[in-house]
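Visitor: Quick one, fold the following:
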Amino acid sequence: MINYKHLQYFHVVATAGTVARAAQQLHVSAQAISTQLQVLEDQLGEELFRKKGRLLELTEAGKTVLQYAEQIFSLGNELEQAIRRGVFTGTETLRVGICDVIPKTMAFRLLQPARDAGLAMRLVCREGRFADLVQDLSAHRLDLVISDQGLPPGGTVRGHTHLLGSSTVAVVGHADLCRRYAGTFPQRLREAPFLMPGQDAIIHTQLKGWLESQQLRPIVVGEFDDGALLKSFARAGAGFIVVPAVLARTVCEQHELELAGMIDAIVEQFYAVTVERRVHHPALRRILDRAGAIFAGEGAT
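Guide: Predicted coordinates:
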């Protein structure tokens, strides 16, 4: 019978291109990987790789084994996810990673459909940086990561990115701030205090570029990775902030802010990152199916 670990080593080498890179990813020695690959080749009676310069290239037999390996790992992942979500206990569990930059109101709305199962549904949420959450996802410690970015093409983490929706952005600020910097938008932002999202946020670069293109030169008085802390400072009148237009009214009501203007040139996107291409988790399926309704009627709520 084929050893699962031998197959895993083969798969990592096939995707990494060299034994050395695979050893770095798996945190084992290159010799250990070479030995396991030799055992697998002896067991199958076929050579799986051939050298091509400094890289290893799959043979025809290797390409076939790779196809089966991906199917086997996919089934293994489905089994693990089924056990984690409690199919044998009657309790449905969903483990979600939420990037720091995602507005809490947005995360709440996106996750609400998961609660349709009532008390039979257990929701486990943790916050963090995108890179850290994706590592937990690849290790199957999470079922889903909600983020403002998808997985980069050609990355080391195997997963799938699902676009949940997109929204233009609104500029909001404390009432005193809006009165002090009155006038037409966006000129009213010229040399006004501004609170920027952290550099990990995709919108950071977009917003910075837009402000420069408009020659507004606001005074950046703060930069925050945590969206909740950013809004707390905005509520205290420290500076203007941007929020997804679809949440503008709710954010203004919750934090006693006012709308200063809309930026149609910036579109913020929200993603769900999973390890499965075909999502079988019922709670996760509900989230993906109903996300579109949250972004309908932008700016209305």
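
Visitor: how about the strands in the stretch 101-250 of the chain?
Guide: For the stretch 101-250 of the chain, the strands defined by DSSP state E, counting those that start in this stretch cover 121-128, 144-147, 160-174, 193-197, 219-224, 241-244.

Visitor: where are the low-confidence patches of the stretch 1-150 of the chain?
Guide: Regions of the stretch 1-150 of the chain meeting the criterion pLDDT under 70 cover residues 75, 78-91, 117-120.

Visitor: circling back to that earlier point, got the strands of the stretch 101-250 of the chain as a markdown table, with distance to Gln36 and mean neighbour count columns?
Guide: To be clear about C-beta, it is placed using only N, CA and C from the backbone, and glycine gets the same treatment. Shown next, in a markdown table, are the strands of the stretch 101-250 of the chain (distance: least, C-beta to C-beta, whole Å; neighbours: other C-beta atoms under 10 Å):
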| stretch | distance to Gln36 | mean neighbour count |
| --- | --- | --- |
| strand 121-128 | 33 | 15 |
| strand 144-147 | 31 | 26 |
| strand 160-174 | 28 | 20 |
| strand 193-197 | 45 | 22 |
| strand 219-224 | 46 | 14 |
| strand 241-244 | 48 | 27 |
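
Visitor: Of all those strands, which one is nearest Thr184?
Guide: strand 160-174 (12.7 Å; C-beta to C-beta).

Visitor: which neighbours does that closest one have in its sheet, and in what orientation?
Guide: strand 241-244 (antiparallel), strand 257-274 (antiparallel) (DSSP bridges).

Visitor: angle of it against strand 193-197?
Guide: 160 degrees (axes from the mean of the first three to the mean of the last three C-alpha atoms, to 10 degrees).

Visitor: Can you tell me the element Leu94 falls in?
Guide: Using DSSP states H and E, the element containing Leu94 is strand 92-99.

Visitor: name the helices or strands packed onto that strand?
Guide: strand 121-128, helix 130-138, strand 144-147, helix 282-294 (3 or more C-beta pairs under 8 Å, 6 or more residues apart in numbering; DSSP states H and E).
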